[in-house]
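1. Predicted coordinates and the sequence they were generated for:
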Amino acid sequence: MVTSQILEIDGVFVGSLIQDCKRCEQRFYAVHDAVKSFHNHILDRSGTLSRQIAQQFRRARASSASA
C-alpha cells in the first residue's frame, strides 16, 4: 500500500481510500454496513463515487432514525 486516506461522513468513519501503487487509482475499502455495496470500487477523479457513498450513508442513517 502506497497511501491511505480515511473517509468520514458527518463525523462517522465509513471506510478508507487505498492506493496500492503509484500508478494505481484509489479504491474504497468499506467498513460501515451502510456503504458495503461500494467496497473495492475505484475512485474516479470527478468525485462521483464519493458523493454516491455519502448519499447512501445518509439515506441509511435517515432510514434507521425514522424506524
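-> The structure has been received and is ready for your questions. Residues are numbered from 1 along each chain as shown.
2. residues touching residue 52, list them.
-> Contacts here follow CB atoms under 8 Å, 6 or more residues apart in numbering; on that basis residue 52 touches residue 38. For glycine as for every other residue, the C-beta is placed from the backbone atoms N, C-alpha and C.
3. For it, give me the pLDDT.
-> Among the per-residue scores, residue 52 holds a pLDDT of 94.
4. start at 221 instead
-> Got it, first residue is 221 now, which makes that one residue 272.
5. On the three-state scheme, it is what?
-> With DSSP: H, G, I helix; E, B strand; the rest coil as the basis, residue 272 sits in helix.
6. Please apply the same query to the one 3 residues further on.
-> When classified by three-state DSSP, residue 275 comes out as helix.
7. what about it, neighbour count?
-> Counted with other CB atoms under 10 Å, residues neighbouring residue 275 total 12.
8. mind checking how far it is from residue 255?
-> 10 Å (CB to CB, to the nearest Å).
9. what do you get for residue 232?
-> 10 Å.
10. Quickly list what's touching both of these two.
-> Residues touching both residue 232 and residue 255 comprise residue 277, with contact defined as CB under 8 Å, 6+ apart.
11. okay, the two: which has more neighbours?
-> For residue 232 versus residue 255, the count of surrounding residues by other CB under 10 Å is larger for residue 255: 22 against 11.
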